[in-house]
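K.L.:
After the sequence you'll find the predicted model.
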Amino acid sequence: MPAKSVVLGFDTSCYTTSVAVMDLTGQLLEDRRQVLKVKQGGCGLAQSEMVFQHTRNMPELLELVEGFGAYDVRAIGVTARPRPLAESYMPAFLVGLGTARNLASVLQVPLYQFSHQENHLEAGLWSAQRPQAERFLLLHASGGTTDILLVQAQGQQYQLTPCGGSIDLHAGQFIDRVGVALGLGFPTGPALEKLAQQAAEPELYPVAVKAGQISFAGPCTAVLRSLDKQPAAAVALGTEYAIGKSLARCLVTLCQSEKVQAVLAVGGVAANQCIRALITKQLEAHGAKLYLPDARYSSDNAVGSAAYALRQWECQHG
C-alpha cells in the first residue's frame, strides 16, 4: 500500500504543545496536544519552564501519532514567533521551530514558518465557514493577546493590520486573575465558564471602551473588589459579560470605521460560549456576521500550522 501523503504542523505556545497531521485534501488525521502544567495557585509559567515542558512533551506527542513512519511527508508548517512582526520573539516557540527544522532537514521537505497569530487565523479559516469578503476583521482573544486586526486577502496570502484591542490587560489575563482569586486552577478559562453556568444572573460590572481600544484593568479591579460580596457564580458570569460586552462594542465600532461586515473570532477566550453569544448578538444587530470555528480549533493548536503548510505547498505544486 502506498504511503499517505501528508503535511505536518507544530505549535509550542505559552501553555500548549501541539502536533497536527493533515492529508492533501485538508482532512485532519492527527491532532495531538498537551497542556503545560502550572502549580496550584500559580498565575503562569516562566519562559524557561515553558521551554522545558515543551521539550519534554514534543517527543511524547510524536510517539502518539499513529503510523507516523508510514506517512509521505510533503511539507511542514510551524509557528516561529507570536505575531507577524520582524521583532516578535518568544523562547517557547523555539522548541517547535527546532523540531520542525530538524524533521524538514532529515526528510528534505519544505519548511514554512509563520506566526502564532497567523496560525490561529489559519485554524479558524479551516474550521469555520470562512468569510467570503476580501476584507474582514480578526478577533484574537487569549491569555497573551487581545488584538483586533484587519485581514486583507492578497492572492493566497493574508495581510494582517492591527486596528484595535486591549491597551492593558488581555482578556485571558482578566479571566485568570478572577479565576485564581476564586480558587480555580490555572489557566482558569474552562473552569470559570463552568462556574458561570450555575448563575441565574450575572453581577454587572463597568466596561471601558473608546473607539477601537479596550481597557480591562478597571473592570478587573471592580470584579476583584466584589469577590467577598457576591456569589462566585454571579461573579464568574459577570466577568464573561464584561469581556463579551467590551469586545462586542469595540468590534461594532471597528466594523463601521473599516467598512467591513464580517468578523472571525479565534483564541481561547473566543471559545467561551457566553462571550461568543454576546458578540454575535451585537454584531447581528448592526448588520455584521461573526464567524466561529469549532471551540477546539479556537484554542491553541497546530492545525493552523498544518493548514498553512498545505496551502503554501499547493501554491508551489499546483
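P.N.:
Good, I have the coordinates. Numbers count the residues shown, from 1 in each chain.
K.L.:
Specify the local secondary structure of Y205.
P.N.:
Taken by DSSP: H, G, I helix; E, B strand; the rest coil, the conformation at Y205 corresponds to coil.
K.L.:
what are the bridge partners for V209, then?
P.N.:
V209 has these beta-bridge partners by DSSP bridges: I214.
K.L.:
and Q197, what is it in contact with?
P.N.:
The neighbours of Q197, taking CB atoms under 8 Å, 6 or more residues apart in numbering as the test, are 233, 237. Where you see a C-beta, it was placed from the backbone N, CA and C, and this is true even at glycine.
K.L.:
Next up, the contacts around E30.
P.N.:
Contacts of E30 (CB under 8 Å, 6+ apart): 19-21, 65-66.
K.L.:
Please give the element, helix or strand, for it.
P.N.:
Counting by DSSP states H and E, the element that carries E30 is strand 28-35.
K.L.:
after that strand comes which helix or strand?
P.N.:
helix 47-64.
K.L.:
Which of the residues in that next one are classified as buried?
P.N.:
Neighbour counts using 16 or more other CB atoms under 10 Å place 50-51, 53-54, 57-58, 61-62 of helix 47-64 among the buried residues.
K.L.:
Give me the sheet partners of the helix or strand just after that helix and which way each runs.
P.N.:
Next helix or strand after helix 47-64 toward the C-terminus (DSSP H and E): strand 72-81. Paired strands of strand 72-81, with direction, are strand 5-12 (parallel), strand 111-115 (parallel) (DSSP bridges).
K.L.:
For the helix or strand that strand 72-81 is followed by, name the packing helices and strands.
P.N.:
Next helix or strand after strand 72-81 toward the C-terminus (DSSP H and E): helix 93-107. Contact analysis of helix 93-107 by 3 or more CB pairs under 8 Å, 6 or more residues apart in numbering; DSSP states H and E lists strand 5-12, helix 47-64, strand 72-81, strand 111-115 as its packing neighbours.
K.L.:
out of these, which comes closest to S105?
P.N.:
For S105, the closest of these is strand 111-115, at 8.3 Å, according to CB to CB.
K.L.:
and A199, what is it in contact with?
P.N.:
For A199, the contacting residues are 231, 233-234, 236-237, by CB under 8 Å, 6+ apart.
K.L.:
Same question for L94.
P.N.:
Here L94 is in contact with 12, 51 (criterion: CB under 8 Å, 6+ apart).
K.L.:
Tell me how far it lies from L278.
P.N.:
37 Å (CB to CB, to the nearest Å).
K.L.:
Also L111?
P.N.:
From L111 to L278 the distance is 40 Å (CB to CB).
K.L.:
likewise G98?
P.N.:
Taken as CB to CB, the span from G98 to L278 is 40 Å.
K.L.:
With C220 instead?
P.N.:
According to CB to CB, C220 and L278 sit 17 Å apart.
K.L.:
Reformat the contacts of A199 as a markdown table; add pLDDT.
P.N.:
Compiled in a markdown table, those are given as follows (pLDDT from 0 to 100):
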| residue | pLDDT |
| --- | --- |
| P231 | 97 |
| A233 | 98 |
| A234 | 98 |
| A236 | 98 |
| L237 | 98 |
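K.L.:
Out of those residues, who's the most crowded?
P.N.:
For the contacts of A199, the largest neighbour count, defined by other CB atoms under 10 Å, is 30 neighbours, found at A236.
K.L.:
need the contact list for the residue lying closest to that residue once chain neighbours are set aside.
P.N.:
Of all residues not flanking A236 in the chain, A196 sits nearest, at 3.9 Å (CB to CB, 6 or more residues apart in numbering). The contact partners of A196, taken as CB under 8 Å, 6+ apart, are 202, 233, 236-237, 239-240, 274.
K.L.:
Quick check: V209 touching S246?
P.N.:
Yes: V209 lies in contact with S246 (CB atoms under 8 Å); the separation is 5.4 Å.
K.L.:
Between the two, which is the more surrounded one?
P.N.:
S246 (26 against 18).
K.L.:
and that one, what element?
P.N.:
S246 belongs to helix 232-258, assigned by DSSP H and E.
K.L.:
Now find how far off-centre that helix is within its chain.
P.N.:
17 Å (CA atoms, centre = their mean, to the nearest Å).
K.L.:
What's the local residue count around T17?
P.N.:
For T17, using other CB under 10 Å, the count is 28.
K.L.:
what sits against it?
P.N.:
11, 33-34, 36, 53-54, 57-58, 61, 95-96.
K.L.:
If we only consider the residues you listed, which is nearest to L264?
P.N.:
Nearest to L264 out of the contacts of T17 is D11 (CB to CB; 18.2 Å).
K.L.:
ok, what's across the strand from that closest one?
P.N.:
The partner list for D11 in beta bridges (DSSP bridges) reads S18.
K.L.:
still on that earlier bit, G98 and L278: who's more crowded?
P.N.:
Per other CB under 10 Å, whichever of G98 and L278 has more neighbours is L278, with 21 against 16.
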